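**Q** dropping the sequence and predicted coords here.
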Amino acid sequence: MDLYINIILLALMAITALAILRMTNIFAIVMLFGIFSFLSAVLFVVMDAVDVAFTEAAVGAGISTVLMIATMALIKNQEEKRPLGHRPWLPLLVVFITGAALVYGTLDIPAFGDPNAPAQKHVAPYYLEKSISDTGVPNVVTSVLASYRGFDTLGEVVVVFTAGIAVLILIGGRLTRPTKRRDK
């Protein structure tokens, strides 16, 4: 069942990415980026990475979308028109090479959920056996997130907090534009 959900989510992400490439309306592109981030968050939930999914949903689908819409509101009609025949081949080549390097880098990692993976043979048993004695926290998940991975979790919280403050500054700190005075 998880395999089918993963395939459907990846297909929806690919369709969204292709739609982003085909769009010319910036507002529609921003909304599709938000949808793409939301689909990524759902994929993280399916892979049992709820903390990463929460961060992706908050920062990727939420705050980034709000910041892009706020930017659009500030620049309004200052959008530069691209020539009709313009084809950005260099950025496409860079993305393709980067994607190929990332795929190559994942060829030798163990399969998802493989019981013989190093994380399952070494790290997970240590956490399960030593969690209470090392941290004093009875819940293993809480001890991993708050103690063993404390700096990582702190970093995620700082990112979400900083993005939230930026949104508050953009929404609440908008200055009024000076009006033009007519000389008499």
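**A** Perfect, I can see it now. Numbering: from 1, shown residues only.
**Q** hang on, isn't Ile26 packed against Ile75?
**A** No. The pair Ile26 / Ile75 is not scored as a contact, 9.5 Å apart, by Cβ atoms under 8 Å. C-beta here means a position set from N, CA and C on the backbone, and glycine is covered the same way.
**Q** out of those two, which sits in the busier spot?
**A** Between Ile26 and Ile75, counted using other Cβ atoms under 10 Å, Ile26 has the larger neighbour count: 14 against 10.
**Q** ok, the more buried one to Ile7 distance?
**A** To Ile7, Ile26 is 31 Å away according to Cβ to Cβ, to the nearest Å.
**Q** could you pick out the longest helix of this protein?
**A** helix 150-172 (DSSP state H).
**Q** ok, and what's touching that helix?
**A** If you take Cβ atoms under 8 Å, 6 or more residues apart in numbering as the criterion, helix 150-172 is touched by 51, 55, 58-59, 63-64, 66-67, 70, 145-146.
**Q** of those, buried ones?
**A** Neighbour-count burial (16 or more other Cβ atoms under 10 Å) is assigned, among the contacts of helix 150-172, to 55, 58-59, 63-64, 66-67, 145.
**Q** could you chop this protein up by domain?
**A** The chain breaks down into these domains under automatic domain parsing: 1-76, 116-174.
**Q** what's the closest of these to Arg87?
**A** domain 1-76 (11.6 Å; Cβ to Cβ).
**Q** quick revisit: looking at the domains of the chain, which one is packed in the most?
**A** Neighbour counts (mean count of other Cβ atoms under 10 Å) averaged over each of these peak at domain 1-76, with a mean of 15.
**Q** how far does that one sit from the chain's center?
**A** With Cα atoms, centre = their mean, to the nearest Å as the basis, domain 1-76 stands 7 Å off its chain's centre.
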